[in-house]
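Chemist: predicted model and sequence below, questions to follow.
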Amino acid sequence: TDFHARRRRRRRRRRRRRGPSEAPPTAVHGYAQRPRSARAPRWSGALVATPPRRRPASSPPSLSGEITIYSAAMTSPDRKRRLKSEDAEDRLDRVASSSFEPPPAKSARLLPPERTTSAAAAKDESVVDLVHDGDGVEAPSDDEIEFVGVTGKKSVRFSEIEHEVFYFKRDPAEQHAFPSLGAIDEDEPASAGSSGVRPSSDHSRATDLYTVISSHHGRARRELRRISKRDLRAAVKHGRKLPARPNPRTGEPRWKFAHDGLVYITDSTGTREVTSYREEIGIDPIAVSNEMMDRHAEVKALLKEQPHLCTGHTFVVIDQSGSMRNSDVDGFKSRSHTAYRCLSLEFVSEQLSQTSPDNLFAESVTVIEMRDEGKAVFERVPFDWILFNRMLKRPEAVRPSHQGNYCESLVAVRDMILTEVNTLLSDDIEHDELPIFSLVWLSDGRPSDGSRASVLKRTDILKHLCETLKQKFIFYAMGIGAREAEFDVLQSMVNTVAEHGSVGSFVHTGTSAVKLSQTFSQLSSTLTSHRTTLLGEENNNSTSKVKKDFTMRKTGKTVGLKMPSIKFTKRSHSFSRCRYDKTLFAGGTAPWKECDPLATHGADGVEVETQPFGKGSERLAYRFNELKGGIQVGKTMVAKNSLHVRASETRDSFHKEFARVQDTAYDLAEHFNTAVRTAPELQPATTETKAPPLKFSLCHVYTIKSNETKEETCYLVEKMLQGKFMKYNTNNGYVKDTKARTMELKNGREVPLEQFVQAFSHWIYERTEHEMLVCDLQGVLNEEGRYPEFHLTDPAICTRRGQRFGKTDLRLKGIRSFCKTHRCGLVCKGLNLPRL
C-alpha cells in the first residue's frame with residue numbers, strides 16, 4: 001500500500017542520514033530492542049528455546065512463563081508455536097535445583113549453523129538450548145524433554161523425575177552478541193565500595209533479566225511468606241548486597257540482599273536461592289542493669305514464698321502450630337513473631353511505661369506454647385523489663401510445628417490456677433482477696449482436637465474455672481488470620497465464660513498488625529482497671545456510711561479567738577475514765593481498767609470544742625480540756641469520735657478497737673526500739689546522738705453521763721502532740737520519702753531519721769511471719785529533749801487472716817499496698833530484713 005511504501009522510504013532516508021557507523025535506535029514504542037545483527041539467529045537445524053518477548057514498561061509483568069520452540073522445518077517466525085504454562089518457571093527451577101557437576105565428556109555445546117541439519121537428522125544427538133529465560137536455567141539434557149506431535153511441530157513436556165543439567169559458559173563474543181540474555185556473571189564484582197550497593201551498570205538492566213535459581217526450600221518459604229520471584233530479582237537489582245551467615249553444614253559463604261523490607265539469601269554465586277523473608281520491624285531490647293536483675297530474682301522468690309502478695313496472674317497461651325509460620329502480617333517474619341512482638345511491645349512495655357513499676361511488683365505472667373501439648377516456657381515470671389526482653393527474643397529460639405490442641409493447653413492452665421487458689425484458700429485467705437486470674441488466648445484457626453469429646457472437655461474446664469473464681473477470672477481470645485469463620489471455637493469458649501458469671505471477650509484481629517496492637521492496648525487498660533479495683537485507695541465498705549455534718553476549725557492566727565465549745569460539769573453530769581488493758585482482754589473479761597474520773601487533781605468538768613481540727617478515715621479530732629471552776633486546767637488534749645453517723649458510740653461498740661490497736665502498737669514499738677539499739681550497724685557515730693525511739697500515745701476513754709436523761713457520750717482522749725504533724729505512711733500504700741534530718745552512723749554513713757519509721761512497719765511484718773503489718777503511721781518528731789523522739793498516734797494494723805483490728809484493718813489489701821511502695825533503706829539493712 002502507499003502507507004507502507006512511504007514508511008519504507010522514510011526508513012531508507014533515515015539510514016542514509018545516520019551513516020553506516022551509527023547504531024539503530026534501542027527502543028521503539030516502549031519496547032527494548034537489540035540491533036538486528038545481535039538478535040537471535042534463526043538456525044535451521046537445532047531446536048532452540050527463545051525467551052519471551054519483552055513487554056512494554058507500562059504493561060504489568062506476566063506471572064506465567066512463555067517458551068517458543070523452533071524445529072528444523074520451522075525456519076519462519078510465522079510458523080512458531082508459543083507454549084504458555086503458569087508453572088513453567090517453577091518447573092525449570094526444579095530442574096536446576098537438582099543439578100550437579102557433569103562429567104567432562106557430556107558437557108553441552110553449541111552447534112554451528114553449518115552442522116545443524118545433520119544434527120537434527122539424528123534424534124539422539126538433538127541439542128536443546130534453553131537460553132536464560134529469566135530463571136537462569138541453561139541447557140537441560142534431552143531426556144528431560146518428551147517430543148510430541150508430527151508435521152514439523154514439537155511440544156515440550158517436563159517429566160517429574162530427577163534430571164541432570166549440564167552447564168556451559170558462553171564466550172565473550174556470544175555474551176556481547178546477546179546482552180539481553182545475560183545473567184549475573186560469577187566473575188563480576190560483588191559490590192561497589194563498602195556500601196553494599198551493586199554497580200550502576202546492573203541497574204540499567206531490566207528486573208526480569210536477573211538470574212534467580214530456585215530451590216525446593218526457597219520456593220516453599222516464598223509461598224509461605226507470599227514473596228514473588230520478581231521481588232527477589234528486584235532485591236538483587238536494587239538492594240544492598242551484604243555478607244550473610246555461612247552455610248552451617250559446609251561453611252560455604254552466602255550473600256544477603258536487602259531491599260524494601262525484603263531479605264533474600266543466596267549462595268556464594270548470588271544466583272541460587274537459599275531462603276527469603278520479610279524484614280521485621282526493629283524493636284530493641286532494654287538495657288538491663290545488675291540492680292534490675294537482682295530485683296527480678298528477689299521478686300520471683302517473694303512470689304514463691306509469699307503467694308498471698310500476688311495481685312494478678314496472667315496466663316498467655318500462644319498457638320505454635322505449623323500454620324503460625326505463615327508470613328502474612330506486614331512488618332513481621334511470621335504470625336508467631338507477630339504474636340510475641342505485639343505481646344512484648346503492647347502488653348508488657350505499655351503497662352511498664354504507663355504505670356509505676358510499684359503497681360506491678362506483685363504481678364506475675366505465665367506463657368504457655370500450644371502444640372500437641374501445652375508447655376509452659378515462662379512460669380510465674382515477675383512483670384518487669386526482664387520479661388519484656390525474654391518475650392522479644394523468644395520467637396528466634398522457637399519454630400512453630402505440629403498441631404494445635406486446645407484441650408491440652410487448657411488443662412495446663414486449669415491445673416496451675418487451681419493449685420494456686422487452693423494454696424491461698426487453705427491459708428485462710430478470703431475469696432474476695434484472691435488475685436485476678438487472666439487468660440489470654442492467641443490462635444490462628446480451629447483446634448486440631450475438634451472432636452465432640454474435646455468440645456465437652458473444654459466446656460467443663462471453663463465452667464469449673466468460672467464457678468471457682470467468678471469475677472476473678474477473665475478470658476481474652478484473639479484470632480490471627482484472614483478468615484473469621486475459623487474462630488467459631490474461640491467465640492464459643494468466650495460465650496461459655498460469659499454465661500457462667502466471668503468476663504469473656506473475643507477479637508478477630510485478622511492479619512493487621514495495627515489491629516493486633518490496638519487489641520493488646522485495650523487488654524492492658526482493662527487489666528489496669530481491674531488492678532485499681534483490687535488495690536483501690538478507699539475501702540468499699542465506707543461508701544454506704546453517712547458522714548456527720550460538721551465545720552472544720554479555723555486555722556492560722558487564732559490567738560484570742562473564742563471557739564465554739566460545749567462544757568460538762570459535775571453538777572449536771574457524772575464522769576468516768578478508763579484505759580485499755582490487754583491482760584484483761586486476754587482473760588476474756590471487759591478489757592477496761594478504771595482510773596480517776598479526771599486526770600487533773602481538783603478538776604470538776606471538761607470542755608470540748610464543737611469544730612474538729614483534724615479528720616481521718618474513720619474519726620474526727622477535737623480540742624479537749626479539763627475545767628476547774630470553769631477555767632481550763634492541765635494540758636490541752638485531743639478527743640476523738642466517729643466521723644460517721646452511728647447508732648451508738650460507746651466505749652465497747654466503737655472505741656474498744658481503736659484503743660486495742662494503739663495499745664498493741666505501743667508494745668510492738670518497744671520491741672522495735674530494743675532491736676534498733678542492739679543492731680551493730682545502726683550504732684551512732686558519737687554518744688551525743690542516738691537512734692530516735694518510736695513512742696505511741698496511751699489513750700483513755702472518757703464517759704460523760706447526763707444526770708437527767710442518763711444519756712452517755714464517750715470520747716477517746718490522748719495528749720496533744722506538739723510539733724509539725726507528719727503522715728509517714730498509710731494503709732493504702734502511701735510512703736513519705738524525706739531526708740530533712742539525718743543521723744551519722746559509726747560506719748560513716750548518714751541515715752535519714754524517717755527511715756526508722758518505715759523500717760518499723762517492715763520489721764513488724766517480718767517478725768510476725770507475714771501475719772501482721774503496722775502502718776498508717778503519723779505523728780511528730782519531738783526534738784525538745786536531749787535526743788529526738790517520734791511521737792506517733794492513730795496507727796492501723798492489717799492482718800492476713802480476717803479483719804481483727806477494726807475498720808482500718810484492710811487485711812491483704814493493706815499489706816499488698818504497703819509492700820508495693822516500700823523501699824528498704826539503711827535501717828532495714830541494718831536490721832537484716834529481706835528486701836521487699
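Modeler: Alright, I've got the coordinates. Numbers count the residues shown, from 1 in each chain.

Chemist: pretty sure residue 465 is touching residue 502, no?
Modeler: Yes. With contact defined as C-beta atoms under 8 Å, residue 465 counts as touching residue 502 (7.4 Å). Heads up, the C-betas are built off the backbone N, CA and C, glycines and all.

Chemist: what is in contact with these two at once?
Modeler: residue 473 (C-beta atoms under 8 Å, 6 or more residues apart in numbering).

Chemist: could you tell me how far residue 387 is located from residue 823?
Modeler: Separation of residue 387 from residue 823 (C-beta to C-beta, to the nearest Å): 22 Å.

Chemist: same question, residue 247
Modeler: Taking C-beta to C-beta, one finds residue 247 at 53 Å from residue 823.

Chemist: which ones are touching the residue of the chain most remote from its centre?
Modeler: The centre of the chain is farthest from one residue, residue 2, which by C-alpha atoms, centre = their mean lies 77.6 Å away. By C-beta under 8 Å, 6+ apart, the contact list for residue 2 is empty.

Chemist: and it, what pLDDT?
Modeler: In this model, residue 2 is scored at 83, pLDDT.

Chemist: cool, and residue 180?
Modeler: On pLDDT, residue 180 comes in at 36.

Chemist: cool, and residue 381?
Modeler: 92.

Chemist: just checking, it touches residue 364?
Modeler: Yes. Counting by C-beta under 8 Å, residue 381 touches residue 364, with 6.4 Å between them.

Chemist: okay, the two: which has more neighbours?
Modeler: More crowded of residue 381 and residue 364, by other C-beta atoms under 10 Å: residue 364, with 25 against 20.

Chemist: number of nearby residues for the residue lying closest to that one once chain neighbours are set aside?
Modeler: Distances taken as C-beta to C-beta, 6 or more residues apart in numbering put residue 380 closest to residue 364, at 4.6 Å, once the chain neighbours are dropped. Other residues near residue 380 come to 16 when the count uses other C-beta under 10 Å.

Chemist: what about residue 380, which helix or strand?
Modeler: Using DSSP states H and E, residue 380 maps to strand 374-382.

Chemist: could I have that strand exported to CSV, CA atoms only?
Modeler: Provided in CSV are the C-alpha atoms of strand 374-382 (Å, rounded to 0.1, in the frame of the first residue of the first chain):
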residue,chain,number,x,y,z
GLY,A,374,0.7,-27.2,76.3
LYS,A,375,4.2,-26.4,77.6
ALA,A,376,4.9,-23.5,80.0
VAL,A,377,8.0,-21.7,78.7
PHE,A,378,7.8,-18.8,81.4
GLU,A,379,6.2,-19.7,84.7
ARG,A,380,5.3,-17.1,87.4
VAL,A,381,7.7,-14.5,86.0
PRO,A,382,7.6,-11.0,87.5
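
Chemist: check the offset of whichever helix or strand comes after that strand from the chain's centre.
Modeler: Downstream of strand 374-382, the next assigned helix or strand under DSSP H and E is helix 385-397. Remark: helix 385-397 is offset 9 Å from the chain centroid, using C-alpha atoms, centre = their mean, to the nearest Å.

Chemist: can you pull out the strands in the stretch 151-300 of the chain?
Modeler: 240-244, 254-259, 262-266, 273-278 (DSSP state E, counting those that start in this stretch).

Chemist: ok, and what's touching the second one?
Modeler: Yep, that's strand 254-259 we're talking about. Counting by C-beta under 8 Å, 6+ apart, 190, 232, 234-236, 238-247, 263-268, 270, 274, 279 sit against strand 254-259.

Chemist: quick one: mean pLDDT for that strand?
Modeler: Rounded mean pLDDT across strand 254-259 is 91.

Chemist: report the angle between it and strand 240-244.
Modeler: Angle, strand 254-259 to strand 240-244, by axes from the mean of the first three to the mean of the last three C-alpha atoms, to 10 degrees: 150 degrees.

Chemist: strand partners of strand 254-259, parallel vs antiparallel please.
Modeler: Within its sheet, and counting by DSSP bridges, strand 254-259 is paired with strand 240-244 (antiparallel), strand 262-266 (antiparallel).

Chemist: winner for burial among those?
Modeler: strand 262-266 (a mean of 22; mean count of other C-beta atoms under 10 Å).

Chemist: who touches it?
Modeler: 227, 231-232, 234-236, 239, 244, 254-258, 272-279.

Chemist: repeat for stretch 735-742
Modeler: Contacts to stretch 735-742, defined as C-beta under 8 Å, 6+ apart, come from residues 726-729, 750-754, 758, 781, 788, 818, 821-823.

Chemist: residue 812 and residue 311: what is the separation?
Modeler: The gap separating residue 812 from residue 311 is 9 Å, by C-beta to C-beta.

Chemist: equivalent analysis for residue 663, please.
Modeler: 32 Å.

Chemist: the two: which has the busier surroundings?
Modeler: Shown here are residue 663 and residue 311; by other C-beta under 10 Å, residue 311 has more neighbours (25 against 19).
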